[in-house]
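Q: coords please:
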Amino acid sequence: MRKKRVPSTPEELEGSAAEFFASVREESDRGCVLVAAAFLDEALESVLRSHMSRDTKVVRDVVDRLFGPEGPLGTFSAKINPCRALQIIAQGDHDDLMRIRIRTPRNRFAHSHGAAGFADQQVKDTTAALSVFAEIKWVDRDDDAVDPACKRFVFGAAWVAGSLHHQMRKMTVG
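A: From the prediction side, this is the model:
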């Protein structure tokens, strides 16, 4: 099975973001976390690729292999630290990606066959710890039936994705 091509321009990443927001509202708690993690994984790969050679031969022979299933950048986790080391993302975004990927939501939802949801206290604590909420006061609105922890998680993931989009745009513009 061939892997889906990741967005290679800021405009393609914006389109991917629109798809993300459209689909995440239809998902279960588990689905929401897994879709958000997949979206962030794709955004990380796009921004890392924007810092690499665009020569067709180099992309085919080297870059694509880095991101292949057996490559050193083939997983969500493996993409986070290089982005920080290359100063593509700020420390707060790095910390949030680690919270999303490593600490509770993504691992708990992806590797558990039992019930997993935003009602879980560890998941609530992790979503409340996302750094964006230190900067922006979250206001829960009763405009829909979405769990406040789910909204915080999606908002936090979108915030990090926006930061990645900004970094990718900087690379392509100037």
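
Q: can we go C-alpha only for contacts and neighbour counts from here?
A: Fine.

Q: where is the longest helix in this structure?
A: Ranked by residue count and defined by DSSP state H, the top helix of the chain is helix 148-173.

Q: can you give me how far it is from the chain middle?
A: Averaging C-alpha positions (Cα atoms, centre = their mean, to the nearest Å) puts helix 148-173 8 Å from its chain's average.

Q: what are the buried residues along that helix?
A: For helix 148-173, a neighbour-count test (16 or more other Cα atoms under 10 Å) marks 148-165, 167-169 as buried.

Q: repeat that for stretch 33-45.
A: Buried residues in stretch 33-45 (16+ other Cα under 10 Å): 33-37, 39-45.

Q: can you check stretch 87-94 too?
A: For stretch 87-94, by 16+ other Cα under 10 Å, it's 88-89, 93-94.

Q: any chance of JSON lines for those, columns secondary structure, pLDDT and distance to Pro72?
A: Shown next, in JSON lines, are these (DSSP: H, G, I helix; E, B strand; the rest coil; pLDDT from 0 to 100; distance: Cα to Cα, whole Å):
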{"residue": "Ile88", "secondary structure": "coil", "pLDDT": "90", "distance to Pro72": "18"}
{"residue": "Ile89", "secondary structure": "coil", "pLDDT": "89", "distance to Pro72": "19"}
{"residue": "Asp93", "secondary structure": "helix", "pLDDT": "89", "distance to Pro72": "21"}
{"residue": "His94", "secondary structure": "helix", "pLDDT": "91", "distance to Pro72": "18"}
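
Q: any idea how far the spatially most central residue of the chain lies from Ser77?
A: Centroid-nearest residue in the chain, with Cα atoms, centre = their mean: Leu40, separated by 1.8 Å. Separation of Leu40 from Ser77 (Cα to Cα, to the nearest Å) stands at 11 Å.

Q: mind checking the SS state of Gly117?
A: coil (DSSP: H, G, I helix; E, B strand; the rest coil).

Q: from here on, call the first residue 190.
A: Done: numbering now begins at 190, and the last item shifts to Gly306.

Q: how close does it get to Lys340?
A: For Gly306, the distance to Lys340 - Cα to Cα - is 13 Å.

Q: so what's in contact with those two at the same time?
A: Common neighbours of Gly306 and Lys340 are not found (criterion: Cα atoms under 8 Å, 6 or more residues apart in numbering).
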